[in-house]
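J.: got a structure for you, letters missing:
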Ligand code: NI
């Protein structure tokens, strides 16, 4: 297990479409473990493989504060989406920025787990947002493409809250 280097916006690899994972190799298992280490170390709620420079359809998510609900998504696809939420979103590849993005409020995802067994998972609110955000990464898209208005600096937002 190791912390990997997170690729930043402007890096070409973040704009590429990732490849379907067809077998669970030792290398892929190591990648998944490293992705969790890297996400937790960076205080993120989600991380997609291209963010550590690997063009495979793998994402990890954990939206809990005590880091108690790790989710691995391999070859994930959104099979249904409904409702709407408008809220701020950030990304470990776009440090110190947030922007307002509208996403569905509820999504259902079909994916494979670490044993390549297919499962379905549903999420509301932040989890739905995380599913959409991470799956976008696997298709080479960053949330900044969807931001309404300007990207904001997290430092400015904190100042506003203090005032
Ligand atoms: Ni991201």
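T.: Thanks, I have it. Only a predicted model underlies this, so the values are computations on that prediction, with no experimental measurement involved.
J.: measure the residue most central in space within the chain to residue 157 for me?
T.: When Cα atoms, centre = their mean is applied to the chain, the residue found nearest the centroid is residue 134 (3.1 Å). Per Cβ to Cβ, to the nearest Å, residue 134 is found 23 Å from residue 157. Just so you know, the C-beta spots here come from the backbone N, C-alpha and C atoms, and that holds for glycine as well.
J.: what does residue 138 give?
T.: Counting by Cβ to Cβ, the gap from residue 138 to residue 157 is 28 Å.
J.: any low-confidence regions in the protein?
T.: In the predicted model of the chain, residues 160-163 satisfy pLDDT under 70.
J.: Helices of this protein, start to end?
T.: In the chain, the helices defined using DSSP state H lie at 26-41, 125-138, 154-162.
J.: what comes into contact with the first one?
T.: I take that to be helix 26-41. Helix 26-41 is contacted by residues 1-4, 6, 21, 45-47, 49, 52, 54, 56, 58, 60, 62, 67, 70, 72, 92, 114 when judged by Cβ atoms under 8 Å, 6 or more residues apart in numbering.
J.: Mind doing that once more with 10 Å?
T.: 1-6, 21-22, 24-25, 44-49, 51-52, 54, 56, 58-62, 67, 70, 72, 74, 92, 114, 116 (Cβ atoms under 10 Å, 6 or more residues apart in numbering).
J.: Just the buried residues from the residues you listed, in PyMOL please.
T.: Here is the PyMOL command that selects the buried residues among these (16 or more other Cβ atoms under 10 Å):
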select buried, resi 4+6+21+24+44+45+46+47+48+49+51+52+54+56+58+59+60+61+62+72+74+92
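J.: Select from the contacts of helix 26-41 every entry located in strands.
T.: The strands, defined by DSSP state E, take in 46, 47, 48, 58, 59, 60, 61, 72, 74 from the contacts of helix 26-41.
J.: Identify the residue spatially nearest to the last one, adjacent ones excluded.
T.: Spelled out, that is residue 74. Closest residue to residue 74 apart from its sequence neighbours, by Cβ to Cβ, 6 or more residues apart in numbering: residue 112 at 4.2 Å.
J.: contacting residues around that neighbour?
T.: Taking Cβ under 10 Å, 6+ apart as the contact definition, residue 112 lies against 20, 21, 24, 57, 58, 72, 73, 74, 75, 76, 118, 119.
J.: wait, what's in contact with the fourth one?
T.: Taking Cβ under 10 Å, 6+ apart, we find residue 57 in contact with 17-21, 48-50, 73-77, 111-112, 135, 137-139.
J.: and what of the third one?
T.: With contacts defined as Cβ under 10 Å, 6+ apart, the neighbours of residue 24 are 32, 74, 112, 113, 114, 115, 116, 117.
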